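Engineer: what shape does this take:
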Amino acid sequence: MILTSGLSVYSAAMESGNYEFSVLVAESGLLCPNCGTADCAKIHGRWLRKKIRDLCSGDLFQNLPLLRVRFCNKSTKTIYPAELWRGRSTVTSILETAFLAIDEGIELALQRVMDAGDGTDTVSERSVRRWVKRVGNRIPVAAKALDLVSDRDPWNAQFEATSALTASGIEHFLTHLFPRHLLQLRRQWGYSLLDVAPPVPVELPHTMNHPKPVFLHPRASHDPPPKYLPRGRRSWLIHRE
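Structural biologist: Alright, predicted model coming up:
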């Protein structure tokens with residue numbers, strides 16, 4: 001399971017080519033919109049993520065390769081490891097940083113991140129506050145989607161509303177969260193746990209097709225010609241046309 005084994009194992013396998021493409025597609029859960037299977041999947045190319053950092057361990061992954069898959073209807077999708085999202089840090093390290101910010105304060109969380117890294121890339125307080133807000137909104141929904149919290153669970157009351165979520169609730173979620181759950185959420189939602197949800201397409205109401213306007217010649221009269229023209233006007237009308 002390359003996608004759930006961490007970025008170190010994933011990066012080594014992609015650089016050495018020690019992987020099977022069909023197994024990788026099956027692990028990611030990508031399906032063709034046309035045939036509903038992954039049998040028609042082919043390698044379309046690869047692109048690189050320049051820099052991904054683990055905020056807790058300080059590990060830095062540069063030029064991380066990502067495979068692009070092409071299906072029979074000519075649509076393309078990307079195979080993502082479990083720890084990746086659109087940000088520049090791993091998902092698990094952001095969850096742990098948000099837990100520290102709620103439990104011990106933002107200043108101490110920033111200090112932990114600074115001590116783990118090499119000091120070149122710093123995390124701003126604004127970013128940590130944004131992560132705390134997003135984690136508080138996503139964890140209750142993710143816990144219900146993954147069935148990590150049952151109705152008889154004493155922690156169920158904290159996951160009913162985001163305002164009641166505390167550091168102990170996040171810690172309970174992290175102890176039951178595994179990389180396979182992150183892939184499962186990506187398959188269900190179509191995006192990662194921390195990604196911004198795409199906008200829902202709005203269907204416009206059906207409107208009747210109005211007839212197209214007819215543009216007359218600028219010198220033509222807007223009044224239809226009479227059926228019977230009086231004497232002397234026929235030559236004037238022919239000359240005007």
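Engineer: only C-alpha atoms from now on, for both contacts and neighbour counts.
Structural biologist: OK.
Engineer: ranking helices and strands of this structure by mean pLDDT, which lands last?
Structural biologist: When the helices and strands of the chain are scored by mean pLDDT, DSSP states H and E, helix 233-240 comes last with a mean of 50.
Engineer: need the contact list for the residue nearest the centre of the chain.
Structural biologist: Nearest to the geometric centre of the chain sits residue 191, at 3.7 Å (C-alpha atoms, centre = their mean). Applying C-alpha atoms under 8 Å, 6 or more residues apart in numbering, we find residue 191 in contact with 185, 197.
Engineer: tell me the SS of it?
Structural biologist: Three-state call for residue 191 (DSSP: H, G, I helix; E, B strand; the rest coil): coil.
Engineer: and residue 24, what element?
Structural biologist: Using DSSP states H and E, residue 24 falls within helix 21-28.
Engineer: who does the helix or strand just after that helix touch, helix- and strand-wise?
Structural biologist: Using DSSP H and E, the helix or strand that follows helix 21-28 in sequence is strand 42-53. Applying 3 or more C-alpha pairs under 8 Å, 6 or more residues apart in numbering; DSSP states H and E, one finds that strand 42-53 contacts strand 60-70.
Engineer: dump stretch 6-20 to PDB, restricted to CA.
Structural biologist: Taking C-alpha atoms only, stretch 6-20 is exported to PDB below (Å, rounded to 0.1, in the frame of the first residue of the first chain):
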ATOM      1  CA  GLY A   6       3.900   7.800   4.100                       C
ATOM      2  CA  LEU A   7       5.500  10.200   1.800                       C
ATOM      3  CA  SER A   8       9.000   8.800   2.300                       C
ATOM      4  CA  VAL A   9       8.000   5.300   1.100                       C
ATOM      5  CA  TYR A  10       5.900   6.900  -1.700                       C
ATOM      6  CA  SER A  11       8.700   9.100  -3.000                       C
ATOM      7  CA  ALA A  12      11.200   6.200  -3.000                       C
ATOM      8  CA  ALA A  13       8.800   3.900  -4.800                       C
ATOM      9  CA  MET A  14       8.000   6.600  -7.500                       C
ATOM     10  CA  GLU A  15      11.600   7.500  -8.100                       C
ATOM     11  CA  SER A  16      12.800   3.900  -8.400                       C
ATOM     12  CA  GLY A  17       9.700   2.700 -10.400                       C
ATOM     13  CA  ASN A  18       9.100  -0.100  -7.900                       C
ATOM     14  CA  TYR A  19       5.300   0.000  -8.200                       C
ATOM     15  CA  GLU A  20       2.500  -1.500 -10.200                       C
END
